[in-house]
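K.L.:
Provide a 3D model corresponding to the input given below.
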Amino acid sequence: MGLFSFFSKEKKESLDKGLEKTKEGFFSRIARAVAGKSTVDADVLDNLEEVLISGDVGVETTLRIIKRIEARVAKDKFVGTGELNKILKEEIAILLTENNSTDQKDFVIPEGKKPYVIMVVGVNGVGKTTTIGKLANAFKKKGFNVLLGAADTFRAAAVDQLTIWSDRVGVQIVSQGMGADPASVAFDTLSSGLSKGSDVIIIDTAGRLHNKINLMNELGKIKKVMQKVIPDAPHEVLLVLDASTGQNAIEQCKQFTAATDVTALALTKLDGTAKGGVVIGISDTFKIPVRYIGVGEKMDDLQVFNRVEFVDSLFKEE
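P.N.:
Sure, this is the predicted structure:
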């Protein structure tokens with residue numbers, strides 16, 4: 001199994017199943033794009049361009065992929081439509097390789113970063129709280145001591161939901177309830193994590209896109225207060241996006257990357273959508289590593305994103 005042996009058979013099956021809807025939509029549209037054609041000509045490329053854009057890969061990323069395929073067709077002179085899937089798979093894999101220089105191999109924390117502080121951002125409804133719960137569970141299963149901070153104090157439900165997840169996973173939480181100062185919650189969480197010897201601290205934040213300036217100020221204040229306790233915190237700013245919203249996820253990514261220094265992405269709800277192509281578009285557009293993907297509702301259905309396995313599942317022939 002080599003380099004990617006950490007990917008268990010169960011995880012691979014879960015990924016295959018999670019990408020079923022995207023794969024079905026993708027391949028049925030590609031089949032229509034090449035219908036009646038024996039070679040990859042201008043018409044096929046035009047149709048493929050339409051397939052990729054309608055699959056939420058995004059216009060700029062689609063044009064980049066088409067340009068690469070055009071270059072291969074020109075070089076090889078004759079490319080049959082039967083080879084199109086193989087070429088497309090290779091070019092998407094190369095694109096993802098260029099945009100994610102390193103794959104995270106598992107739920108691990110860097111050497112010398114303890115506690116490792118993750119600040120989670122994203123709008124309400126994208127699966128942010130669920131992702132935090134599943135992330136806490138994954139780290140705990142690896143033997144890490146995890147602490148949650150309920151700094152999304154704008155909604156009472158957010159604090160309650162995170163508390164339910166902390167109970168379900170069996171990790172501690174720091175909470176001051178609805179209406180509390182988010183920065184104060186973050187400060188107390190990091191202070192508590194230091195005193196308790198936590199390995200991983202995950203801070204939830206408010207999921208409002210009220211306006212960019214207010215969002216920037218709020219997230220900036222939380223980060224500044226964290227740094228009073230741990231100077232280089234947060235070590236990761238994780239933006240959670242709902243893959244099923246397609247192009248809207250790209251718009252949210254624009255908003256949040258303008259408001260704060262996002263260092264990693266988590267894409268949720270891939271199992272419930274045919275818009276999994278958005279993973280490719282977001283990765284290419286923002287050059288931010290896709291760290292995690294949600295491929296189901298079970299506790300273990302949050303996976304570390306692996307570009308090779310992702311492309312393999314997307315193009316896997318039955």
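
K.L.:
Quick one: the strands in the stretch 1-150 of the chain, in order.
P.N.:
116-121, 146-150 (DSSP state E, counting those that start in this stretch).

K.L.:
The shortest one - what's its average pLDDT?
P.N.:
In other words, strand 146-150. Confidence for strand 146-150, expressed as mean pLDDT, is 98.

K.L.:
partner strands of it, parallel or antiparallel?
P.N.:
strand 172-174 (parallel), strand 200-204 (parallel) (DSSP bridges).

K.L.:
Out of those, which gets nearest to Val120?
P.N.:
When the strands paired with strand 146-150 are compared by Cβ to Cβ, strand 200-204 sits nearest Val120, at 5.6 Å. For every residue, glycine as well, the C-beta is placed using N, CA and C.

K.L.:
just the CA coordinates of that closest one, formatted as PDB?
P.N.:
Extracted in PDB, the C-alpha atoms of strand 200-204 (Å, rounded to 0.1, in the frame of the first residue of the first chain):
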ATOM      1  CA  VAL A 200      -5.300  19.900  21.100                       C
ATOM      2  CA  ILE A 201      -7.500  22.900  21.700                       C
ATOM      3  CA  ILE A 202     -10.300  23.600  19.200                       C
ATOM      4  CA  ILE A 203     -12.000  27.000  19.400                       C
ATOM      5  CA  ASP A 204     -15.400  27.500  17.800                       C
END
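
K.L.:
mind listing what's buried in the helix or strand following it?
P.N.:
Beyond strand 200-204 in the direction of the C-terminus, DSSP states H and E gives the next helix or strand as helix 212-229. Across helix 212-229, burial judged by 16 or more other Cβ atoms under 10 Å covers Leu215, Glu218, Leu219, Ile222, Lys223, Val225, Met226, Val229.

K.L.:
Quick one: mean pLDDT over helix 212-229.
P.N.:
On average, helix 212-229 scores 89.

K.L.:
ditto for stretch 25-37
P.N.:
Rounded mean pLDDT across stretch 25-37 is 79.

K.L.:
Would you mark the buried spots in that stretch?
P.N.:
Gly25, Phe26, Phe27, Arg29, Ile30, Ala33, Val34.

K.L.:
repeat for stretch 229-243
P.N.:
Buried residues in stretch 229-243 (16+ other Cβ under 10 Å): 229-230, 233-243.

K.L.:
isn't Lys120 right up against Ile201?
P.N.:
Not Lys; residue 120 is Val. No: taking contacts as Cβ atoms under 8 Å, Val120 lies outside contact range of Ile201: 10.9 Å.
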